[in-house]
Structure formats: structure tokens, C-alpha cells
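# 3D model of this:
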Amino acid sequence: MAAKRRKSKTFKKFLIIYSAVLAFLCIVVWIVLYNFIGDYEKGRPSSTMDTLAARFSADNIENLLNESGVVVNEFESNEMVAGYLKDKLSNEKVSYKKKAREYSEETPVYIVFAGETPIAKVSLEKDGQGFWGFNQWKLGQISFDDFADKTTNNAITVSVPKGSTVTINGVEVNDNYIKENDIEFEPCKHVGDYVNQPLKTTYEISGLIVQPDIKVQLNENNLNVEVSKNAYTASYPSDDDLLESVREDIMTLGRNYGKYIINRGSLSSLTNQMVGYAKDYMSDIPAVWAFLYGMTYTYEFQNENISNFVKYSDDCFSCDVYYDLYVSWNGGDKTYNTSLTYTYVKKDGKWVVADFIIN
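As a prediction, this is how the structure comes out:
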């Protein structure tokens, strides 16, 4: 019996030691496995991106811009861009995905989204290796300038009268942004023999994130700027005083054209107020043949209007002239809906037409 008890005690002692060793080995294996998995997870670039993506918040975005050393472009401050991004981040969920054609296991590159809008490109760089040899990652670079909201104005063109001063968000646009210069345009293509021909300049600016505030000045006059999608166009100014001083002469010329067409006026009444291209063009326009054979008829000018009066300089302007010329004869009538564009130049102190378009 004593021998059996000794064997029982020995077995129990063995069992306790075995269990302790097994438990210890399990703990060691669990710790090793836990550290291995942790090291592996830290070595995944997406784990680093999860941490970085959390920093893209409305409260932190301005700090992120400043800390990253980003200067988005010369026309937009970090504060301005941060204001735009705060609005996005306050209302949209942040996510990210791999950047196509740029992502690799050696150089992970991601696009960060606010909702459906791409707002930044983030690249990671290696930060040593963990205990198990997995690469560790840290923030490499952040780029905001290539990821503007495409529904605003990522790349814009600004078309202005040549010689204008253009500012974007208060910063003057220099000649390096000129896409095309000395652009001729209707209705001023044929006035260069008499005045300095009005020309246009087109600027192209890319990388803008926020809807830009664009102002254009010409000879200290603030010009009206219109926008269609990503194209901004500044118009030459009008001049109400000049229009009133020449209104009657313009309408008289317009009526003389109508009367000439129906054989109630002379060609000379038109051409003696024209020069160059306009005079040659007018001389080639025939009157309506049906009114050349002694037909008895009456006529009346209706709905007369002058619009789109544009002053290019002190010696050049253009305008559109419209009227309905109603003609009635025994047994019939006809209305000529007439739309003309005249470009006037000052020659020898007198306003004359140098360019002429029938619309």
C-alpha cells in the first residue's frame, strides 16, 4: 500500500509539472503567435492607412495640410483649401483605395476619398522592419493639388481682352499661364487698318481645388466675367453715354440698309458711312429683285433695338441692330427679320463702319 501511495503521489506531481509546462508552452506559443500576427498586421500598408485615414477629419485637416508641408498652389492658401475640405469631411465618409498604376508592394500609394470625391493622394515609405522581418510603414507624402473636385474647377481657362489684369483669389496671374495670345475675334477682324485691333488672351490654370474668385480689369474698369463649366470669359465694357450719343446714327444706318434691300434707298447712303471691308462687303449685296420693277408697296420699321453695345477703346465699338421690316403690297405682305452687327471706328474724327455682319 505504501508503494502504491508513493506511485500515486509521483504521478500527481508529474501531472502537475506536465500541466504547468504545457500551460507555459501554450502561453509562450500564444505570445509568439500574437506578436507574429501583430507584426504582420503592422507590416500591412493598409493598417498604416487606417490610422492615417482617421486623421482626415474636419477638425484635423488644416493641421494635416500644414504638417505635410503642402503648398497646394500659388492662388490658394492652406486655410482656404482646409475650409473646402472641412465641408466635404463634415458631410461625407472618409475612405481610401489603391492608386491604379502607381501602387506596388514596395511603394504603396493610395487615394483618399470624402464620399465619392477624391481629395488627396497618400504615399507610404518604409520605416524599418518588425521583429519577424515584416516591413513597417509611415507617411511618406500627401498631395492635394491633383485631386480637386472635378465638378468645380480643377483646370480652368480664362479668356480676357488683351492687356487685362487677371487675379485669382486676389493673386495676379502672370504671363507664364498664357495658353494663347493675340486672338482675333468677330466682329473686329477687319479694323486693324484704322485702330489698334482688339485682341484676346487666354490663360490656363490647373490644380485649383476651391471655386475661384476671378476678377478682370481693363484700363481700371472691372469687367464682367461669365463662366460655363471650366471656361471663364471676361467681356469688354459697355458705355451708355457713348451709345446715347451715336444711337440715332446707328439706327439711321440700319434703316438705310433695310430701305436699300427693298429698293427704297441708295447703296451710296450706306457705303459713304463705311470703309474697307465693310464697304466692299456692302457693295456686293444686291437689293431684292422683286422690288425693282415698279411694284407699289409700303413699308414700316417695327421692333427696333440696339443691343450688345461693346466699347473696345475710345476709337472702336460694336453693336447689334435688330428690326422687323414690314412690307405690304396689293395682295401680299412680308416681314424681314433683320439682325446686323456693326463695328465702328473713328476715322478723321468721324464714326464709320469698318466691319459688318449679317446675322
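# going forward, measure contacts between C-alpha atoms and count neighbours the same way
Fine.
# quick one, helices of the stretch 201-350 of the chain?
240-261, 268-271, 276-283 (DSSP state H, counting those that start in this stretch).
# tell me what the longest one is packed against?
With contacts defined as 3 or more C-alpha pairs under 8 Å, 6 or more residues apart in numbering; DSSP states H and E, the secondary structure elements packing on helix 240-261 are helix 268-271, strand 297-313, strand 316-329.
# of all the ones you listed, which lies closest to residue 188?
Residue 188 lies closest to strand 316-329 among these, at 8.2 Å (C-alpha to C-alpha).
# pull out the buried residues from that closest one.
316, 317, 318, 319, 320, 321, 322, 323, 324, 325, 327 (16 or more other C-alpha atoms under 10 Å).
# partner residues bridging the second one?
Put plainly, it is residue 317. Here residue 317 shows beta-bridge partners residue 311, residue 344, assigned using DSSP bridges.
# next up, the contacts around it.
309, 310, 311, 343, 344, 345 (C-alpha atoms under 8 Å, 6 or more residues apart in numbering).
# and for the first one?
With contacts defined as C-alpha under 8 Å, 6+ apart, the neighbours of residue 316 are 195, 343, 344, 345, 346.
# quick one: residue 247 and residue 168, what's the gap?
Taking C-alpha to C-alpha, to the nearest Å as the criterion, residue 247 is separated from residue 168 by 37 Å.
# which one's more surrounded, those two?
Per other C-alpha atoms under 10 Å, whichever of residue 247 and residue 168 has more neighbours is residue 168, with 16 against 13.
# okay, now the nearest residue to the more buried one once chain neighbours are set aside: neighbour count?
Spatial nearest neighbour of residue 168, excluding adjacent residues (C-alpha to C-alpha, 6 or more residues apart in numbering): residue 214 at 4.7 Å. Neighbour count of residue 214, defined by other C-alpha under 10 Å: 18.
# then residue 352?
Using other C-alpha under 10 Å, residue 352 has 22 neighbouring residues.
# can you give me the helices in the stretch 51-200 of the chain?
61-67, 78-91.
# would you turn those into a markdown table with distance to residue 258?
Shown next, in a markdown table, are these (distance: least, C-alpha to C-alpha, whole Å):
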| stretch | distance to residue 258 |
| --- | --- |
| helix 61-67 | 65 |
| helix 78-91 | 56 |
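# those helices: lowest mean pLDDT?
Set side by side, the helices of the stretch 51-200 of the chain give their lowest mean pLDDT on helix 61-67, at a mean of 78.
# ok, residues contacting it?
With C-alpha under 8 Å, 6+ apart as the criterion, helix 61-67 contacts 55, 56, 78, 79, 82, 85, 86.
# ok, and the closest non-adjacent residue to the fourth one?
Leaving aside its chain neighbours, residue 79 sits nearest to residue 62 (6.7 Å; criterion: C-alpha to C-alpha, 6+ apart).
# what's the burial count for that neighbour?
So residue 62, with other C-alpha under 10 Å, has 20 neighbours.
# got it, and residue 285?
Residue 285 sits with 11 neighbouring residues when counted by other C-alpha under 10 Å.
# next: residue 17.
Using other C-alpha under 10 Å as the criterion, the residues surrounding residue 17 number 12.
# just the element for it, please.
Here residue 17 sits within helix 2-42, counting by DSSP states H and E.
# quick one: the residue nearest to residue 79 from residue 89, how far?
Distance from residue 62 to residue 89, counting by C-alpha to C-alpha: 12 Å.
# now residue 305
52 Å.
# neighbour-wise, which of these two wins?
residue 89 (21 against 13).
# could you find the closest non-adjacent residue to that one?
residue 58 (5.3 Å).
# isn't the one you found up against residue 91?
No - between residue 58 and residue 91 there is no contact under C-alpha atoms under 8 Å: 9.3 Å.
# so which of these two has more stuff around it?
The residue with more neighbours, out of residue 58 and residue 91, is residue 58; 17 against 11, by other C-alpha under 10 Å.
# show the pLDDT at that one.
Taking residue 58 on its own, its pLDDT is 83.
# ok, now which ones touch it?
Residue 58 is in contact with 85, 86, 87, 89, 90, counting by C-alpha under 8 Å, 6+ apart.
# any of these buried? List them.
Neighbour counting with 16+ other C-alpha under 10 Å marks 85, 86, 89 as buried within those.
# could those residues be laid out in CSV, adding distance to residue 128?
Formatted as CSV, the buried ones among the contacts of residue 58 follow (distance: C-alpha to C-alpha, whole Å):
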residue, distance to residue 128
85, 33
86, 34
89, 32
